[in-house]
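Visitor: next comes the sequence, and after it the predicted model I'd like to discuss.
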Amino acid sequence: MGWPPPYGYAPPRRRTSLTEIIHIFIGTVLVSLVIGSFFFDPLNLFTDIATNQDQIFLFVLVSFLSAPAFILHELAHKFVAQKYGYWGEFRLIPFGVVLTMISILSPFKLVGPGAVMIAGANITREKNGRISLAGPITNFFLIGICLLFVPLVPYIIAFPGSESRIPFLVILAQLNAIIAVFNLLPVSVLDGKKIFRWNKTAWIVSIALSGSFLIILLFFRFSPIIWVFMGIGVLIVAGMIFWNFFREPKGKKIEIIDASEMPYIQSIIRTSSGPVPAEKPATTSKSVLVSECEQCGKAVFLPFRCWRCEGFFCYDHRLPENHNCPSLGSRTQP
């Protein structure tokens, strides 16, 4: 299946395609080579294979380590989008592929071979922001997991021309921090711009934490036990961010009632404390709904019902074009 999906396509919650697998494989290779070039110069690296065997091994190793950071970042976007019922698959962007290939040999690094494209009805700014935040949060969890197991993987990497000796898993944590910081920049099509438009607090917290993680991982060296405690702290912080910004508020819907019960319902709305209103009158017919607007979440008494999608909305979002009605269609990318 290519992009965009057929109009009216309703995907299963978890789905992939051969096209997506090919695209994400190519994107992973390109990103891995760019991240590897942060540490070594590919032009000089392969000029004399006999004398540069150790450097070539480290280049391949560092490039390979970046693969799970990139793949899991993109899959997080995909799975959250599908959780909301949208079509979501990774696709290469030709212009981004060219820039990424140039970055392999250039001192200026621009990594963005593709993105998870999403399509569906009612793609709100909030949902798009959460889909975008899922990628960096995944990198936070990976940082914490890597640091947590540093004592169990004692392999040390010594970079050529440097006295630095860095644990294997700390390097992987560094790569995740780099990917998180880069994607949180509020520019162009990066995740940071959509998160900033949705929730400025979420963006400030995320960029501040990812920047702090990167500085600590790059410029500080600790004993394995200290890395473990830092890993626990990172996992706790990532969990708190997930809890605060991904938790779905419980709906405040009240059962459908008869119009004759309107005085009873009005007394409930006006009464926040004090005596309990009179007993609800018995009825069998149902015609009025006390609900939340499905677009903005505002509590609405006697909401408007869209005749196309049959959703309930406030006055401002009652028209199909004001609440991204499925009949109109909607396409975007995280």
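Guide: Perfect, I can see it now. Numbers count the residues shown, from 1 in each chain.

Visitor: now do the buried residues in stretch 57-74.
Guide: Neighbour-count burial for stretch 57-74, counted by 16 or more other CB atoms under 10 Å, picks out 58-59, 62-63, 65-67, 69-74. Yep, even glycine has a C-beta here, placed from its N, CA and C like the rest.

Visitor: which of those sits closest to residue 102?
Guide: Of all the buried residues of stretch 57-74, residue 102 sits closest to residue 63, with 17.0 Å by CB to CB.

Visitor: so the closest one is in contact with residue 35, correct?
Guide: Yes. The criterion here is CB atoms under 8 Å, and residue 63 meets it with residue 35 at 6.4 Å.

Visitor: would CSV of the buried residues of stretch 57-74 with distance to residue 122 and secondary structure be doable?
Guide: Output for those, formatted as CSV (distance: CB to CB, whole Å; DSSP: H, G, I helix; E, B strand; the rest coil):
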residue, distance to residue 122, secondary structure
58, 48, helix
59, 46, helix
62, 42, helix
63, 40, helix
65, 39, helix
66, 35, helix
67, 34, helix
69, 31, helix
70, 29, helix
71, 28, helix
72, 27, helix
73, 25, helix
74, 23, helix
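
Visitor: residue 230 and residue 130: what is the separation?
Guide: 27 Å (CB to CB, to the nearest Å).

Visitor: no wait, residue 209
Guide: For residue 209 relative to residue 130 (CB to CB), the value is 17 Å.

Visitor: average pLDDT across the host helix or strand of residue 56?
Guide: Element membership for residue 56 (DSSP states H and E) is helix 53-83. Mean pLDDT, computed over helix 53-83, is 82.

Visitor: tell me what it is packed against?
Guide: helix 18-39, helix 42-45, strand 87-92, strand 114-119, helix 125-148, helix 168-183 (3 or more CB pairs under 8 Å, 6 or more residues apart in numbering; DSSP states H and E).

Visitor: angle of that helix against helix 125-148?
Guide: Orientation of helix 53-83 against helix 125-148 (axes from the mean of the first three to the mean of the last three CA atoms, to 10 degrees) gives an angle of 140 degrees.

Visitor: higher neighbour count, residue 209 and residue 130?
Guide: residue 130 (24 against 21; other CB atoms under 10 Å).

Visitor: so that one sits against residue 247, correct?
Guide: No. Residue 130 lies out of contact with residue 247 (CB under 8 Å); the separation is 10.3 Å.

Visitor: how far away is the spatially most central residue of the chain from residue 87?
Guide: In the chain, the C-alpha nearest the mean C-alpha coordinate belongs to residue 134, at 2.1 Å (CA atoms, centre = their mean). According to CB to CB, residue 134 and residue 87 sit 16 Å apart.

Visitor: what comes into contact with stretch 185-200?
Guide: For stretch 185-200, contacts defined as CB atoms under 8 Å, 6 or more residues apart in numbering pick out 112, 115, 125-126, 128-133, 135-136, 182-184, 202-203, 206-207, 245, 333-334.
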